[in-house]
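Asks: Based on what follows, work out the 3D shape:
(2 chains)
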Amino acid sequence: MFKKVLVANRGEIAVRIIRACRELGIETVAVYSEADRRALHVRYADEAYLLGPAPSRESYLRADKIMDIARKTDVDAIHPGYGFLAERENFSAACEEAGIAFIGPKPSSIAAMGDKAEARATVIKAGVPVVPGTEDVGNMSNEELLAKAPEIGFPLLIKATAGGGGKGMREVVSLEEMPTLLQSARREAESAFGDGNVYLEKLVKGARHIEFQILADKHGNVIHLGERECSMQRRHQKLLEEAPSSALDEGLRARMGDVAVKAAQAVDYINAGTIEFLLDKDENFYFLEMNTRLQVEHPITEMVTGIDIVKEQIRIARGRPLSYKQEEVAFNGHAIECRVNAEDPYNNFLPSTGRITHSLLPTGPGVRVDTGVYPGFEITPFYDPMIAKLIVWGETRAQAILRMRRALEEYRIVGVRTNIPFHQTLMDSPRFMGGQYDTRFVEERFSMENAEENRQDYSEVAAILASLVAHHETEKAAQIVQRNERDTSNWKWVGRWERMNR
Amino acid sequence: MKYIATVEDKEFIVDIIDERHVTVNGKTYQIDFEAVSGQPVYSLIADGKSHESYIARGDDSWQVLLRGRLYPVVVEDEREKRLRAAAGGGVAETGEFLLKSPMPGLVVAVPVEDGQEVKKGQVLLILESMKMQNELKSPRDGKVSRLKVKAGESVEQKQTLLSVV
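Replies: I've put the predicted structure just below:
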């Protein structure tokens, strides 16, 4: 096994990886930016080194500095977590060159899946169904795209070939509006990824976002750990995930799982990875993309399979065969993850920065919280707004929902606004309870304003509470002043008074 | 002792009569108020209804966490309120509204111009922070003035960006 691993990330995922290493008896090296000196991952690691100023470009994205630290500290491996350098083929290659194991896929797999058009072409060859669209790899001119659009049919999506997170993506309903939208999509893709190439894809109506967790070792073994439903999204950012999906039955799960394994094999994949699919109402499913890294929502799969995905990743990178065969993977119960973000759901999800003054985590049966923050921690504008993942497990979906409600109620965070009220409202939504939702649900059929009307307003109680606390503080302050004015302690003052009145 | 407590745009006159009674906008409540020792946790029973809350002092307001929602409450006595009114500020229905940056970030776009008429809810500025683009909207109808920033500029928290008169 490895002796020492460098964790090239921050926040909850860095803490998660450090925990897995500790359980395996592996020493850890943390890296941090100036803004993260007091972060939990720095405190938990055996060694910690400063990367640079707060902006990620000057710290967590500095592959050169991270490699220097890795060499200096003599680590055997680097775990990139998710985001930052996790899907940079150059970083994976740099590790390979330095003789340090990259706990992730080979550079060639990252490259093949990183370019969406190339990924499509690769998996099509392996017999994986994709959403109908332009099959040529990148580089199509606007004229070619305009000519192709009516064949695919409207509505359709313009997508950036280097895309992700909804950037460079446009929905088109007619040919007339397409030229303008092509321009703006290219512009956005160019500024976000330095690559203005786009392609077209049919828009699947009422689609659900289903993804399969894959594990693949260096000995040719590839297994899947079942699916996660990630349809609860806003602006293409996932908000809540659950496993299993209420839209799948045994047969469909087996079919989709087989295809997911095929897609991973098509790029000679090694490590943990995720195959994302769109599933329509008629149970047609289409390959969307592959994430060649550990994902934010991996804990729900861990909860229903009992498999520690991070430990498996480390074993795979060490060259060990997978600990499980496909037939040994058993699914038990239901898990839900809510992403707790520093955002104000009552104000168009505006990010909320500031110091977390108090925090009380929910505990009890079936509850897990993965977080990197604690009371006194400062939420800065430099990194994404996720502050914790609240994960629950229940024997059934209904039990998991009830448990999540209970856990959300127990979770106390003061100092920054969070989207906990959003999740609470979601848990009460009949469509969510019925498992009847798709990727458009939050944006088109869910409103905090309506939820707010049904919810009791406690402004008046808040006003009373704050006034009482302020009043008590004022009174306390007044007492202190009085004592000082007497120029002596209360005991002496009482003594004098008693002597005078003898 | 009389306080004016402002919760977002709602104002409450809270009169603390004695340890067992408060009136809010003239309505009297029988209360029992207890602090949990050494913790920022408070228990309030008002007319038999029990509420548990975390309360912490923020920069310019009290942060009251009640039933999962964080309420910012500005508590002032009448003298403080008069002073603040004289100094201006706040989201008033009339007068000047100063749009201040809610966080440090990068101005992505300013879809309005100086002197432009705007409606309540209209986007005044798009600010990028925490890897997200956030729309800052007008709290009321009015005219944009004192536009001080442009796209591409970095701004600090609480920096005045523009005003609506």
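Asks: show me where pLDDT drops low in the chain?
Replies: No chain specified, so I'll use chain A. Applying pLDDT under 70 to chain A flags residues A:135-138, A:165, A:450-455, A:479-488, A:490, A:493, A:497, A:500-502.
Asks: ah, I was thinking of chain B
Replies: For chain B, the stretches with pLDDT under 70 are B:87-94.
Asks: so where do the helices sit in it?
Replies: Applying DSSP state H to chain B gives helices spanning B:78-87.
Asks: got it, and the stretch 251-400 of chain A?
Replies: Counting by DSSP state H, counting those that start in this stretch, one finds helices in the stretch 251-400 of chain A at the ranges A:298-305, A:309-317, A:397-410.
Asks: Write out the residues of the stretch 101-250 of chain A neighbouring chain B.
Replies: Contact residues (Cβ under 8 Å from any Cβ of the partner chain) of the stretch 101-250 of chain A with chain B: residue A:235. No exception for glycine: its C-beta is placed from N, CA and C like everyone else's.
Asks: And the stretch 401-502 of chain A, by the same measure?
Replies: A:408-409, A:411-418, A:420-421, A:424, A:458-472, A:474.
Asks: need the contact list for residue A:34.
Replies: A:50, A:52-54, A:59 (Cβ atoms under 8 Å, 6 or more residues apart in numbering or on different chains).
Asks: Revised request: answer the last question for residue A:11.
Replies: Going by Cβ under 8 Å, 6+ apart, the list of residues near residue A:11 reads A:39, A:41, A:372, A:383, A:386.
Asks: circling back to that earlier point, just the buried residues from the residues of the stretch 401-502 of chain A next to chain B, in PyMOL please.
Replies: Filtering these down to the buried ones (16 or more other Cβ atoms under 10 Å in any protein chain shown) takes a single PyMOL command:
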select buried, chain A and resi 408+411+412+413+414+415+416+417+418+420+421+424+458+459+460+461+462+463+464+465+466+467+468+469+470+471
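Asks: what about the closest residue to residue A:51 other than its chain neighbours, neighbour count?
Replies: Distances taken as Cβ to Cβ, 6 or more residues apart in numbering or on different chains place residue A:59 nearest to residue A:51, at 4.1 Å, with adjacent residues excluded. If you count neighbours by other Cβ atoms under 10 Å in any protein chain shown, residue A:59 ends up with 23.
Asks: residues contacting residue A:59?
Replies: For residue A:59, the contact set (Cβ under 8 Å, 6+ apart) comprises A:31-34, A:51-53.
Asks: one step back: can you lay out the helices of the stretch 251-400 of chain A as JSON lines showing distance to residue A:288?
Replies: Below are the helices of the stretch 251-400 of chain A laid out as JSON lines (distance: least, Cβ to Cβ, whole Å):
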{"stretch": "helix A:298-305", "distance to residue A:288": "18"}
{"stretch": "helix A:309-317", "distance to residue A:288": "21"}
{"stretch": "helix A:397-410", "distance to residue A:288": "24"}
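Asks: Need the winner for burial among those helices.
Replies: helix A:298-305 (a mean of 25; mean count of other Cβ atoms under 10 Å in any protein chain shown).
Asks: packing partners for it?
Replies: Contacts defined by 3 or more Cβ pairs under 8 Å, 6 or more residues apart in numbering or on different chains; DSSP states H and E place helix A:298-305 against strand A:222-234, strand A:237-243, helix A:309-317, strand A:334-341, strand A:367-371, strand A:386-394.
Asks: Given the fourth one, what are its sheet partners and their directions?
Replies: Pairing partners of strand A:334-341, with direction, according to DSSP bridges: strand A:237-243 (antiparallel), strand A:386-394 (antiparallel).
Asks: How about the shortest one?
Replies: For strand A:367-371, sheet partners with direction are given as strand A:386-394 (antiparallel), following DSSP bridges.
Asks: list the buried ones in the strand it pairs with?
Replies: Neighbour count says strand A:386-394 has A:386-394 buried, by 16+ other Cβ under 10 Å.
Asks: now it and helix A:397-410, what's the angle there?
Replies: 140 degrees (axes from the mean of the first three to the mean of the last three Cα atoms, to 10 degrees).
Asks: starting at the chain centroid, how far to strand A:386-394?
Replies: Counting by Cα atoms, centre = their mean, to the nearest Å, strand A:386-394 is centred 11 Å from the centre of its parent chain.
Asks: cool, and stretch A:394-405?
Replies: Centroid separation for stretch A:394-405 versus its chain: 21 Å, with Cα atoms, centre = their mean.
Asks: Put the alpha carbons of that stretch into PDB.
Replies: Output of stretch A:394-405 as PDB, limited to C-alpha atoms (Å, rounded to 0.1, in the frame of the first residue of the first chain):
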ATOM      1  CA  GLY A 394     -33.300   4.600   5.100                       C
ATOM      2  CA  GLU A 395     -34.600   1.100   4.500                       C
ATOM      3  CA  THR A 396     -37.100   2.500   2.000                       C
ATOM      4  CA  ARG A 397     -37.300   5.800   0.000                       C
ATOM      5  CA  ALA A 398     -40.200   7.000   2.200                       C
ATOM      6  CA  GLN A 399     -38.000   6.400   5.300                       C
ATOM      7  CA  ALA A 400     -35.100   8.200   3.800                       C
ATOM      8  CA  ILE A 401     -37.300  11.200   3.000                       C
ATOM      9  CA  LEU A 402     -38.600  11.300   6.600                       C
ATOM     10  CA  ARG A 403     -35.100  11.000   8.000                       C
ATOM     11  CA  MET A 404     -33.800  13.800   5.700                       C
ATOM     12  CA  ARG A 405     -36.700  16.000   7.000                       C
END
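Asks: now, among the buried residues of strand A:386-394, which is nearest to chain B?
Replies: Closest to chain B out of the buried residues of strand A:386-394 is residue A:386 (9.2 Å), distances taken as Cβ to the nearest Cβ.
Asks: what bridges to the closest one?
Replies: Following DSSP bridges, residue A:386 is listed with bridge partners residue A:341.
Asks: ok so, going back, hmm, which of the contacts of residue A:11 are the buried ones?
Replies: Among the contacts of residue A:11, those scoring as buried are A:39, A:41, A:372, A:383, A:386 (criterion: 16+ other Cβ under 10 Å).
Asks: Please name the nearest non-neighbouring residue to residue B:152.
Replies: Residue nearest to residue B:152 in three dimensions, not counting chain neighbours: residue B:107, with 6.6 Å by Cβ to Cβ, 6+ apart.
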